[in-house]
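Asker: Generate a structure from the sequence data that follows.
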Amino acid sequence: MSFVPKQIVEEGATGSDKNNLDRLPPSYMYSIIFKDIILEIDEDDEKSMNTLVKFCQKQNISETQINEFKREYHSKSAFWWYTKEIFLYGMLNRGLRSLDMEAMCKLGFFIRSLHLQLKQLHQEQSASFQTAFTVYRGQGLSQPDFQNLFDSKGGLLSFNNFLST
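Answerer: Residues are numbered from 1 along each chain as shown. The predicted structure follows:
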């Protein structure tokens with residue numbers, strides 16, 4: 001897991017205090033730009049599916065899993081596929097953590113669909129709850145990642161994956 005920043009961006013930074021924003025790691029900026037682009041692309045899901053299938057075959061993913069995904073993708077939600085024990089969860093989060101643009105572009109149609117479904121689910125559920133509630137998610141961290149997280153208390157924290165809590 002990668003945490004941003006190496007330099008701490010203070011909460012509520014304005015004006016000349018925003019100089020820290022100029023020193024954010026390029027990987028953070030690339031991930032924000034990529035997210036904006038991938039969510040706006042309007043592409044043919046069938047063509048995108050075929051491209052992903054070819055990519056998966058080169059990644060030595062089980063032909064059974066690939067065929068199941070291709071055959072049944074539209075009958076289930078992207079959220080369902082993300083939580084199923086199949087190659088998607090690992091491939092997507094590995095691609096997001098390592099900023100593997102090739103993998104993320106191949107998964108673009110799936111990322112868009114998952115994002116839209118999570119956004120819709122959030123809107124539906126947030127209308128039902130009058131007050132915020134806390135959820136917890138465990139995550140193993142290396143000592144350097146833990147120290148980076150500890151040092152950035154009060155600053156910007158960004159995750160390059162979907163938090164599946």
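Asker: Please count neighbours and contacts with C-alpha atoms only from this point.
Answerer: Fine.
Asker: got a list of what the residue nearest to Met101 when sequence neighbours are not counted touches?
Answerer: Excluding the flanking residues, the one nearest Met101 by C-alpha to C-alpha, 6 or more residues apart in numbering is Gly95, at 7.2 Å. For Gly95, the contact set (C-alpha atoms under 8 Å, 6 or more residues apart in numbering) comprises 101, 103-104.
Asker: what element comes up after the helix or strand harbouring Gly95 heading to the C-terminus?
Answerer: Element membership for Gly95 (DSSP states H and E) is helix 87-98. Using DSSP H and E, the helix or strand that directly follows helix 87-98 along the chain is helix 101-106.
Asker: re earlier: what residues sit buried inside the helix holding Gly95?
Answerer: Judged by neighbour count using 16 or more other C-alpha atoms under 10 Å, the buried positions of helix 87-98 are 87-89, 91-97.
Asker: what does stretch 118-126 give?
Answerer: Buried-residue list, stretch 118-126, by 16+ other C-alpha under 10 Å: empty.
Asker: Need the residues that contact that stretch.
Answerer: Phe79.
Asker: quick revisit: reformat the contacts of Gly95 as CSV; add pLDDT, neighbour count and distance to Trp81.
Answerer: Shown next, in CSV, are the contacts of Gly95 (pLDDT from 0 to 100; neighbours: other C-alpha atoms under 10 Å; distance: C-alpha to C-alpha, whole Å):
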residue, pLDDT, neighbour count, distance to Trp81
Met101, 88, 14, 21
Ala103, 93, 17, 17
Met104, 90, 22, 16
